[in-house]
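A.B. asks: Curious how this folds, go ahead:
(one chain, ligands or ions: 1)
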Amino acid sequence: MTETSLLPSLSEEQVRRDDRAHVFHSWSAQAQIDPLPIAAALGSHFWDYAGTKYLDFSSQLVNVNIGYQHPRLVAAIQEYAGRLCTVAPPFANDMRSEAARLLADLAPGTLNKVFFTNGGADANEHAVRMARLHTGRSKVLAAYRSYHGATAGAITMTGDPRRWGAEPGLPGVVHFWGPYPYRSAFHSSDVEEEGARALQHLRDTIMVEGPGTIAAVVLETVVGTNGILVPPPGYLEGVRQICDEHGILLVADEVMSGFGRCGEWFAVDHWAITPDLITFAKGVNSGYVPIGGVLISDTVAATFDDRAYPGGLTYSGHPLACASAVASMTIMREEGIVEHARDLGTDVIGPALAKLAENHPSVGDVRGLGVFWALELVRDRDTREPLVPYNASGSDAAPMGEVAAECKRRGLWPFVHFNRVHVVPPCTTTADEVLEGIEVLDEALGVADRYY
Ligand code: PLP
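C.D. replies: Presented below is the predicted three-dimensional model:
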């Protein structure tokens with residue numbers, strides 16, 4: 001410890017012991033987990049206390065888009081911390097207004113105002129509250145196979161089993177099926193048909209629920225943790241049109257898909273649509289300081305010109321969070337990180353994963369864009385039976401746990417969920433690093449093939 005430092009220097013053993021005794025972890029049976037203490041990180045790598053180096057193909061929780069310890073980002077946070085560490089929402093602040101201006105510049109259409117939150121879930125809570133107040137309607141349509149966060153409303157909107165433990169949840173949320181060509185809910189034979197049938201299903205759902213009762217359709221532009229589901233051509237344009245026909249707002253959750261992850265600033269930039277509200281978090285500053293927010297269209301924002309918005313957060317627009325977002329967006333623009341992510345997907349990750357599929361019968365499907373990819377592992381390519389169970393606690397339970405363990409043994413930290421390996425490294429990862437990681441995957445998938 002240096003003379004001025006207030007922070008103790010803890011051994012790995014102390015970290016593990018106090019973690020086990022006092023830290024209550026997310027989504028886990030507390031007695032069954034043993035999280036790896038991270039000692040240091042740089043770029044696309046992190047190190048454990050034993051000095052083992054891991055290439056991070058997970059970007060932690062798909063949030064470290066700019067990579068670890070980007071020196072310019074660290075310096076910007078240090079500089080602003082030396083100036084002004086806390087300013088509450090009733091005051092204005094230079095970094096808050098600058099972050100909002102940059103976000104409005106990057107966002108499509110007239111999304112010109114930003115309500116800052118602490119992360120993605122509360123951004124979705126506020127987007128829904130705004131939509132309900134703007135439309136005077138109460139219902140919200142959200143997709144199955146989605147994740148929107150762990151707060152009360154966000155987990156109710158979530159369309160996967162993570163919702164079950166929080167049920168019955170908030171009233172007024174109705175789920176619908178989105179497109180998923182590889183496992184179609186509509187028995188479609190190709191991508192176009194899947195898009196068309198998914199749109200018809202949404203239309204039908206709206207009709208039976210009552211168009212005049214629905215405030216918003218909430219969806220992930222590209223579905224993230226539920227399998228990197230890129231919407232078929234025309235699908236999002238169709239959703240936009242259906243919403244317009246019925247005066248329903250479209251909320252795009254870009255918490256995971258934004259800020260370079262899909263090779264654009266916002267994933268919606270791939271399609272010709274502008275949502276009424278976009279929620280963001282993660283990649284806006286790569287989680288160096290917690291922040292999220294809602295980008296609000298002029299029309300929705302005008303609802304609150306002469307009427308108070310009923311909501312606020314003590315740390316909304318926190319100066320250190322906003323300073324880090326300003327620096328992060330500036331660095332990403334100056335260093336061409338979004339363009340790099342786009343090219344990595346097209347030139348390196350896509351072709352390399354397609355080759356993996358040729359080599360491994362257990363790879364049933366490969367899909368993605370930018371640095372947002374998934375391999376779907378199956379026991380049989382004809383039946384598409386998923387290669388599960390996967391023990392979500394991260395143990396070596398066969399078969400997906402074994403695949404994950406093989407990767408880790410070889411110095412690759414994978415993102416494994418259900419029967420999928422997501423390939424989601426930082427957007428700054430070099431082509432050589434990506435290829436090195438995919439080579440490790442190639443070796444690890446031998447384990448999966450044994451179950452085929
Ligand atoms: N929305 C999406 C699409 C996400 O992937 C996540 C987190 O993974 C969230 C919302 C929730 O964000 P947070 O964990 O910051 O509340």
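
A.B. asks: hey, let's count contacts and neighbours off CA atoms from now on
C.D. replies: Noted.

A.B. asks: what helix or strand is residue 416 on?
C.D. replies: strand 415-417 (DSSP states H and E).

A.B. asks: Tell me the strands beside that strand, with direction?
C.D. replies: Taking DSSP bridges as the criterion, strand 415-417 sits next to strand 420-423 (antiparallel) in its sheet.

A.B. asks: After the partner strand, heading C-terminal, what element do we hit next?
C.D. replies: Next along from strand 420-423, by DSSP H and E: helix 431-450.

A.B. asks: That next one - contacts with which helices or strands?
C.D. replies: helix 350-359, helix 400-409 (3 or more C-alpha pairs under 8 Å, 6 or more residues apart in numbering; DSSP states H and E).

A.B. asks: how about 6 Å then?
C.D. replies: Judged by 3 or more C-alpha pairs under 6 Å, 6 or more residues apart in numbering; DSSP states H and E, helix 431-450 is in contact with helix 400-409.

A.B. asks: If you count contacts, what does the helix or strand hosting residue 321 end up packed against?
C.D. replies: When elements are assigned from DSSP H and E, residue 321 belongs to helix 319-334. Counting by 3+ C-alpha pairs under 6 Å, 6+ apart, the packing neighbours recorded for helix 319-334 are helix 94-106.

A.B. asks: list the helices and strands the helix it packs on packs on?
C.D. replies: Looks like helix 94-106 contacts helix 319-334 (3+ C-alpha pairs under 6 Å, 6+ apart).

A.B. asks: Mind telling me what element the spatially most central residue of the chain is part of?
C.D. replies: Nearest residue to the geometric centre of the chain (C-alpha atoms, centre = their mean): residue 256, 2.0 Å. Counting by DSSP H and E, no helix or strand carries residue 256.

A.B. asks: can you give me the mean pLDDT across stretch 356-368?
C.D. replies: In this model, stretch 356-368 carries a mean pLDDT of 97.

A.B. asks: list the buried ones in that stretch?
C.D. replies: 356-357, 360-368 (16 or more other C-alpha atoms under 10 Å).

A.B. asks: Quick check: residue 295 vs residue 163, distance?
C.D. replies: 25 Å (C-alpha to C-alpha, to the nearest Å).

A.B. asks: What residues does this structure have near the ligand?
C.D. replies: Contact residues, the chain versus the ligand (C-alpha under 6 Å from any ligand atom): 119-121, 147-149, 220, 224, 253, 255-256.

A.B. asks: got those residues as a markdown table, with secondary structure and pLDDT columns?
C.D. replies: Formatted as a markdown table, the residues of the chain next to the ligand follow (DSSP: H, G, I helix; E, B strand; the rest coil; pLDDT from 0 to 100):
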| residue | secondary structure | pLDDT |
| --- | --- | --- |
| 119 | coil | 98 |
| 120 | helix | 98 |
| 121 | helix | 98 |
| 147 | coil | 98 |
| 148 | coil | 98 |
| 149 | coil | 98 |
| 220 | strand | 99 |
| 224 | coil | 98 |
| 253 | strand | 99 |
| 255 | coil | 98 |
| 256 | coil | 98 |
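
A.B. asks: Restricted to buried residues, select these in ChimeraX.
C.D. replies: With 16+ other C-alpha under 10 Å as the burial test, the buried ones among the residues of the chain next to the ligand are selected in ChimeraX as follows:
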select :119,120,121,147,148,149,220,224,253,255,256
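
A.B. asks: can you put the residues of the chain next to the ligand in JSON lines and add distance to residue 83?
C.D. replies: Shown next, in JSON lines, are the residues of the chain next to the ligand (distance: C-alpha to C-alpha, whole Å):
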{"residue": "119", "distance to residue 83": "24"}
{"residue": "120", "distance to residue 83": "27"}
{"residue": "121", "distance to residue 83": "30"}
{"residue": "147", "distance to residue 83": "37"}
{"residue": "148", "distance to residue 83": "35"}
{"residue": "149", "distance to residue 83": "33"}
{"residue": "220", "distance to residue 83": "37"}
{"residue": "224", "distance to residue 83": "37"}
{"residue": "253", "distance to residue 83": "33"}
{"residue": "255", "distance to residue 83": "29"}
{"residue": "256", "distance to residue 83": "31"}
